[in-house]
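Visitor: Quick check, what structure comes out for this input:
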Amino acid sequence: MTALQRTPLFSAYADSEEVKLIDFGGWELPVQFNTGIIAEHKAVRSNAGLFDVSHMGEIFVEGDGAGSYLDRLVTGHVSAMKEESCLYTVLCNSKGGAVDDLVVYRLGKKSYMLVVNAANTEKDLRWITTENPAAPERKTETRIENRSDQWVQLALQGPRAKEYLQGLVDVNLTDLAFYHFFTHVSLAGVRTLVSRTGYTGEDGFEIYCDASDGPRCLADTAESRYGHGTASLRTRSQGHPAPGSPSAPVRP
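Guide: Numbers count the residues shown, from 1 in each chain. Modelled structure (predicted):
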């Protein structure tokens, strides 16, 4: 039997008596805490919830021709994206069907990060690198690298997410537009990338940091609830819908 994978934040909740762990597409992750699914759902809809989504994949496509190459693989116009913007799109197979849904981050003129579903990371990487029809024509300068194990991703989702996060970061989150991101954000001293895609359907932010800084970033973000008497942040794990995964976040 193959051992389940764990995120760099696993130790933060693994020994808690409040957590129920499951096999989530090959990852050992919490499906709920002792408050229950309904209470957690209501918290994200009315307040905010903190999710460990570090199992999601991060594939980087960089160098000359990166944008035009991605244009041939997804339904969105990647090369037309502005820097520090995000694009939700679909990675297509040779018949126009879906390989995966993903979010593209344009990090720079020739640099993109693809955030893909955890269960599909290796499959997506093979398709992007060698298996798609455009692969033989890819420029040698276009580099593709899976850096998923180097990152931690937290998602702070809900209508009060901005209120809680603002007190921890050194940028004005009002200036962060929907489906855009800021790089080099200091979150309680941790260097992060912060985006605003709100994948639960509520306003929300995604916080990326180096895997080694993940436990500190989680602790600082979770502890923000204690500064707000009515806050009801719950730390739990979930991700975007992924084929073969046992569950997915509720969407409106």
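Visitor: quick check, residue 55 in a helix?
Guide: No - the assignment for residue 55 by DSSP: H, G, I helix; E, B strand; the rest coil gives coil, which leaves it out of any helix.
Visitor: what separates it from residue 202, distance-wise?
Guide: 21 Å (C-beta to C-beta, to the nearest Å). The C-beta positions use only the backbone N, C-alpha and C, and glycine is treated the same way.
Visitor: Those two: which is more packed in?
Guide: Higher neighbour count among residue 55 and residue 202: residue 55, with 27 against 18, using other C-beta atoms under 10 Å.
Visitor: Need phi/psi at the more buried one.
Guide: phi -80, psi -20 (degrees, to the nearest 10).
Visitor: Would you mind listing where this protein has pLDDT under the threshold?
Guide: Scanning the chain for pLDDT under 70 picks out 1, 200, 223-252.
Visitor: ok, which stretches of it are helices?
Guide: Using DSSP state H, the helices of the chain run over 37-46, 66-71, 121-126, 161-166, 214-222.
Visitor: now these in a markdown table, with mean neighbour count?
Guide: Listed next are the helices of the chain as a markdown table, based on neighbours: other C-beta atoms under 10 Å:
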| stretch | mean neighbour count |
| --- | --- |
| helix 37-46 | 16 |
| helix 66-71 | 20 |
| helix 121-126 | 17 |
| helix 161-166 | 20 |
| helix 214-222 | 19 |
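Visitor: Contacts for stretch 130-142 next, please.
Guide: By C-beta atoms under 8 Å, 6 or more residues apart in numbering, the surrounding residues in contact with stretch 130-142 are 61-66, 69, 72-73, 93-94, 129.
Visitor: Regarding it, how distant is the last residue from the first?
Guide: Between the opening and closing residues of stretch 130-142 there is a gap of 13 Å (C-alpha to C-alpha, to the nearest Å).
Visitor: Quick check: the residue lying closest to residue 55 once chain neighbours are set aside vs residue 24, distance?
Guide: Take residue 55 and drop its neighbours on the chain: the residue closest to it by C-beta to C-beta, 6 or more residues apart in numbering is residue 118, 4.1 Å away. Relative to residue 24, residue 118 is positioned 8 Å away (criterion: C-beta to C-beta).
Visitor: Could you do residue 51 as well?
Guide: With the distance defined as C-beta to C-beta, residue 51 ends up 12 Å from residue 24.
Visitor: from what I can see residue 177 touches residue 196, true?
Guide: Yes - checked against C-beta atoms under 8 Å, the pair residue 177 and residue 196 is within contact range at 7.0 Å.
Visitor: who has more neighbours, these two?
Guide: Using other C-beta under 10 Å as the criterion, residue 177 and residue 196 rank with residue 196 on top: 20 against 11.
Visitor: ok, which stretches of the stretch 51-200 of the chain are strands?
Guide: Secondary structure of the stretch 51-200 of the chain (DSSP state E, counting those that start in this stretch): strands at 57-62, 86-92, 98-108, 111-116, 143-146, 151-157, 181-187, 190-195.
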